[in-house]
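1. sharing a model that was predicted from the sequence below.
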Amino acid sequence: MISTATAVFLTAVVQLLLLLTVAPLVGGLIKTLKARLQVRRGPGILQPYRDLHKLFRKGMVLPETASWIFSATPYVVFSATAIAGLMIPMISAKAPLGLFGGVLAVVYLLGLGRFFLALAGLDTGSSFGGLGSSREMTIAALAEPAMMLAVFTVAIGANSTSLSEIARVATSTTWHFLAPAQMLAFAALFIVLIAETGRIPVDNPATHLELTMIHEAMILEYSGPYLGLIEWGASIKQLLLMTLLINAFLPFGLRAAWSLGGLLVSLAYLLLKLLVLAVSIVLVETANAKMRFFRVPDLLAMAFTLAALGLVSTFLF
Amino acid sequence: MILALLLAVPLSACAACAVSAVSAVSRRRSVLEAVNVTAFAITFLLALAVASQVLRSGAISLWNGFLYADALSALVILLNAAVALVCSVYAVGYLREDQRLGALDGEVGSHGAEAKLRMYYSLTPLLVFSMLLVTLANNLGVMWAAIELTTLASVFLVTFYGKVTSLEAAWKYAMIGGVGLSMALFGTLLTYYAGHKFPGSEGVAGLNWSILVGQAAQLDKPSMRMAFILVLLGYGTKAGLAPMHTWKPDAYSEAPVPSAAILSVAVLNCAIYGLVRFYVLTSRCLGAQYPGSLLLLLGLFSMGIAVPFVLVQKNFRRMLAYSTIDQAGMMVTALGIGGKLAAFALMLHMTFHTVAKSLLFLSAGNIYQCFKTDLFLKLKGGVLKVLPITGAAFCLGTMAIVGLPPFSLFQSEFLMIRAAFGTAHFLVGALFILFGLGVFTGVTLHVSGMLLGTSEEPRAAWHPWRDTPIAILAVILIVIGFWLPADLLELIRRAAEVVSP
Amino acid sequence: MHTLQDPEFGNKMVTLMAALVLVLQIAMVAQRWIVTNIRLFAAQSFLLAAIANTIAYYNHAPHIYVAAVLTLLAKGILVPIVLERLVARIEIRQEIEPIVNIPLSIVISGGLTLVGYVLAEPFYRPEEAPGAATLGHNALAVAISLFLIGFFMMINRRKALTQVLALLCLENGLFLAAISLTYGMPLIVELGVLFDVLVAVMVLGILVYRIRETFESMDVSRMRRLRG
């Protein structure tokens, strides 16, 4: 019916809209589920939308000592994560945007966002910002290699770093996800997901106490629309990583066709898998206490070793 | 039939002593002692019977090849049974003295002297049972399980006195022994694999030594290579070869003396026996060069390690332990040299070492109980004056163990050196002599300082239970330097033939 | 049902479970709570019994079932119960910092896994029996890695009870090696080994208890009186 180019463009638009709208929903879902497990009522699934609405209407206060980095960071973070999000196959097996490097580009875009965020934390001149930035960088130093290795493992399995190719290979091989390399990379990426999205046991997203915050410390000085952009960007990053985890390892239900029916089916499967993953994250958060910061390297070293073993096992198993 | 009896006797003695707590009559110390001594006397007689039967009709087996005794097994059984008997007689006097001195009350977790005696008299037959099982088991896996059982049975013998140092010694013993034996199990597993590359094996017969020996040439070579290394490390740990020897001095100085004697002599014999069995398999599969060089390496290293530790030793019981390490190294070196002469020398050495080392340990026990210390510094000399018979025996034992002529060990060591030079292992022979000299110097220095001179202690009385075994052993030691009964010599010769036909 | 009969599926399941066993072992290296370590060991023994059962099913070797059930009972249930009771009596729940810190020990364990693979290489002979060969390769490599990592844990950890656990992991590795190489050893040998393991746990348990009583801690590096 429609030409391929138009179809790709439409898919890109749809995916972008999905990213922007579904991301806060996922965040709200996780918060509410966690509250229900703790026998509270919780703020409601739609609360993040209300929060964003409120933030974009409020006035902003900027620190006097901040430079252009402070103002640029929200935009950089938001756009980097949005572009990275477009590179992941969410509703169709072919991702709308295919930048050079495939999944590596995704990792680096996320790294770009983190880099600017850390600089912004330092830029404010407050001690909390510096504290948050240094902790964030420590975690990043361990989590990123683990993520890279896990991603390489999957890439080697598909002989390409393009996520579309990875998803295609994963769908076409029977019992593909039962291979130890996949399982190990999955486990490693799950731990990295927890670390990157700042969930318990690595970081507590609901706290503002000095001892316990990492991500919150970096953005402590932000307010108004800037804060809204950063929070939105953070939730897009969370959705992005969850989708990466789902569709690189368990991409069944992902349709390659550009037809409307195919897209709707893929969307349904995606939402279902997101729900399952959200529930597991909530279970992990509820069952564990936040680790002391000095213990976090233990967890991430384990993720690194799992990813390394997964990578090695593609040659050995 | 006789083999089954041989196993049953110590096992029943163990059971009898263990349950003796049930009635007040059977709880008495004299009952425990009587059960032990009679059991070991019967075991010794049965061992003699086994040896004569093997001499007459070749290897005997029972239960479809499950138990198997050839000349090598018969020799080791005989030696172990003799040691067990002698030590059980000695233990009666030793433990009675300990009870009198109050040494049995212990610092940690006091069990009461009675419970401790019961533990000793039940564990020792269990230990002897497992040692007999080692030598009788045809299946290499069962042999492994029996050696592990010797470790487990003797752990609580090491903690007998309940001192802080005993716990430390027992922990080291258990841990190092455990790890070593795991390696040996892996080696046994690989041997099984070498015999049956394809899964779906034939069951028990697959690990029977008597069957594997016949098929040795067809065993899978790379697996046997790895298997031998693992078994050498594993059973070498049990034998006390360096660098896995660190548990020995602690365990031997903390255990009660009769147990230390059994551990040092009989269990060492069993470990060497295990090594010999695997050596035969490996040498027939891969040729004598490969296992021989590994054995030489570890054996010479053990002999070398013993020298400095003997020279700077402060404690005569630990010195005896290092001497055992040295002797184990010597026996393993002889095994590694290979050839008929070396194998014969090994068997002779095993026999002579059994007599000499048990004599040494038992006399050391007497000295320890009399002077209540095992440090050279505190002894200051004069043992010969205070304990004439014990001192003389200790002196004889020392001269024998360092290899002075005309004692028996000199002959076996001389044969080993001759074998070394005969098979062009010149470096081996030279190192052997060098390390022997080192140990000789150290031991003679310390022991002469200990034995000669004067002391303020009064001359001790004659204690029948403790001094008779020492006297008998001393006489045997002197006699075998000149003459061995023909049957025993034949048994030793046949045992050497098993190693190197 | 057809999938369950497919030996390829069996191979994949065994490989997956072997990888899980490896993950559990590395988790034990990373773990500081002793009770969690004991439970990880129990889970590992369960998995080993499951692996044995799977191999028995797909290769029509019924005598492995017995070994699998025995392992399950002894190492999956009995030993963890004994050890947990011991921990309750001793009241020490946490490991002190090991000699090599935890992230480094995890990486070392990863390295030892690679060594295990290299050592298992000579046993990988696909020309002889195709299905069993890959099985042997993966499971044997994991077994040797388990052995090496257990050995490393023994040197690295300072609490007596964790050293006992490390010894038991060594035995687990041996069991897996036996299953994958030769479909288990003769039953009498398996019985002997299991019996020894049980007795060893009893003996070591009593020793650990007495060490705790004497030294007021299970730190074996405090036992330094015997030297020379």
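-> Received, thanks.

2. so how far is residue C:146 from whichever residue of the stretch 51-200 of chain A sits closest to chain C?
-> Nearest residue of the stretch 51-200 of chain A to chain C, counting by C-beta to the nearest C-beta: residue A:180, 3.5 Å away. (Glycine included, C-beta is placed from N, CA and C.) The gap separating residue A:180 from residue C:146 is 15 Å, by C-beta to C-beta, to the nearest Å.

3. just the closest residue of the stretch 51-200 of chain A to chain B, please.
-> residue A:180 (22.0 Å).

4. now tell me which helix or strand of chain A has the poorest mean pLDDT.
-> Ranking every helix and strand in chain A by mean pLDDT, DSSP states H and E puts helix A:163-172 at the bottom, with a mean of 78.

5. contact partners of that one?
-> A:87-89, A:93-95, A:98, A:102-103, A:106, A:154-155, A:157-160, A:176-177, A:244, A:247-252, A:254, A:256 (C-beta atoms under 8 Å, 6 or more residues apart in numbering or on different chains).

6. how does it look with 10 Å?
-> For helix A:163-172, contacts defined as C-beta atoms under 10 Å, 6 or more residues apart in numbering or on different chains pick out A:87-89, A:92-96, A:98, A:102-103, A:105-106, A:151, A:154-160, A:162, A:176-177, A:182, A:243-244, A:247-256.

7. so where's the stretch 201-317 of chain A shaky on pLDDT?
-> Across the stretch 201-317 of chain A, residues meeting the criterion (pLDDT under 70) sit at A:255-258, A:316-317.

8. contact residues of it facing chain C?
-> A:295-310, A:312-313, A:315-317 (C-beta under 10 Å from any C-beta of the partner chain).

9. tell me which of those residues fall in helices.
-> Judged by DSSP state H, helices contain the following of those: A:296-310, A:312-313, A:315-316.

10. for the stretch 51-200 of chain A, give me the ranges with low pLDDT.
-> For the stretch 51-200 of chain A, counting by pLDDT under 70, the residues that fall below are A:174-175.

11. ugh, wrong one, chain C
-> In chain C (pLDDT under 70), the answer is C:1-5, C:95-96, C:124-137, C:184, C:217-218, C:226-228.

12. helices along that one, start to end?
-> Using DSSP H, helices in chain C cover C:2-5, C:7-30, C:34-59, C:63-71, C:79-90, C:102-120, C:130-156, C:160-182, C:187-215.

13. who has more neighbours, residue A:180 and residue C:146?
-> More neighbours surround residue C:146 than the other of residue A:180 and residue C:146, with 29 against 24 (other C-beta atoms under 10 Å in any protein chain shown).

14. quick check, the more buried one in contact with residue C:116.
-> Yes. Between residue C:146 and residue C:116 there is a contact under C-beta atoms under 10 Å: 7.8 Å.

15. tell me how far residue C:72 lies from residue B:148.
-> 22 Å.

16. whoops, I mixed them up, residue B:129
-> Taking C-beta to C-beta, one finds residue B:129 at 13 Å from residue B:148.

17. picking up where we left off before, contacts only, for the residue of the stretch 51-200 of chain A closest to chain C.
-> By C-beta under 10 Å, 6+ apart, the residues touching residue A:180 are A:309-310, A:313-314, A:316-317, C:12, C:15-20, C:22-23, C:138, C:142.

18. let's see 7 Å
-> Contacts for residue A:180 (C-beta atoms under 7 Å, 6 or more residues apart in numbering or on different chains) come out as A:313, A:317, C:15-16, C:19.

19. also residue A:230?
-> Contacts of residue A:230 by C-beta under 7 Å, 6+ apart are A:74, A:77, A:219, A:222.

20. mind telling me what element it is part of?
-> helix A:224-249 (DSSP states H and E).

21. what do you get for residue A:160?
-> Using DSSP H and E, no helix or strand contains residue A:160.

22. quick check: phi and psi on it?
-> Note on residue A:160: backbone dihedrals following degrees, to the nearest 10 are phi -170, psi 150.

23. now it: how far from residue A:102?
-> Residue A:160 is 7 Å from residue A:102, by C-beta to C-beta.

24. check which helix or strand the closest residue to residue A:118 other than its chain neighbours maps to.
-> Nearest residue to residue A:118, sequence neighbours excluded (C-beta to C-beta, 6 or more residues apart in numbering or on different chains): residue A:133, at 4.2 Å. Using DSSP H and E, residue A:133 maps to helix A:127-158.

25. contacts only, for the spatially closest residue to residue C:44 that is not a sequence neighbour.
-> Leaving aside its chain neighbours, residue C:44 sits nearest to residue C:24 (4.7 Å; criterion: C-beta to C-beta, 6+ apart). Neighbouring residues of residue C:24 by C-beta under 7 Å, 6+ apart: C:40, C:43-44.

26. can I get these in a markdown table with neighbour count?
-> Shown next, in a markdown table, are the contacts of residue C:24 (neighbours: other C-beta atoms under 10 Å in any protein chain shown):
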| residue | neighbour count |
| --- | --- |
| C:40 | 23 |
| C:43 | 17 |
| C:44 | 26 |
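
27. which one of those residues is nearest residue C:98?
-> Nearest to residue C:98 among the contacts of residue C:24: residue C:40, at 16.0 Å, using C-beta to C-beta.

28. my guess is that closest one contacts residue C:30. True?
-> No. Assessed by C-beta atoms under 7 Å, residue C:40 is found out of contact with residue C:30, at 9.9 Å.

29. residue B:114: neighbour count?
-> The burial count for residue B:114: 15, using other C-beta under 10 Å.

30. same check on residue B:454?
-> Considering only other C-beta under 10 Å, residue B:454 is surrounded by 11 other residues.

31. quick check, it in a helix?
-> No. The assignment for residue B:454 is coil, going by DSSP: H, G, I helix; E, B strand; the rest coil, so no helix is present there.

32. which strands or helices does the helix or strand bottoming out on mean pLDDT in chain B pack on?
-> Within chain B, confidence by mean pLDDT, DSSP H and E is lowest for helix B:376-379 among all helices and strands, at a mean of 76. Packing partners of helix B:376-379 (3 or more C-beta pairs under 7 Å, 6 or more residues apart in numbering or on different chains; DSSP states H and E): helix B:426-451.

33. mean confidence score for the following helix or strand past the helix it packs on?
-> Counting by DSSP H and E, the next helix or strand C-terminal to helix B:426-451 is helix B:464-480. Here helix B:464-480 scores 86 as its mean pLDDT.

34. list the buried residues for the following helix or strand past helix B:464-480?
-> Downstream of helix B:464-480, the next assigned helix or strand under DSSP H and E is helix B:486-499. Along helix B:486-499, these residues count as buried under the neighbour rule (16 or more other C-beta atoms under 10 Å in any protein chain shown): B:491-499.

35. just checking, what packs against helix B:486-499?
-> Checking 3+ C-beta pairs under 7 Å, 6+ apart, helix B:486-499 ends up next to helix B:29-57, helix B:71-101, helix B:268-286, helix B:340-371.

36. I'm done for today, thanks for sticking with me.
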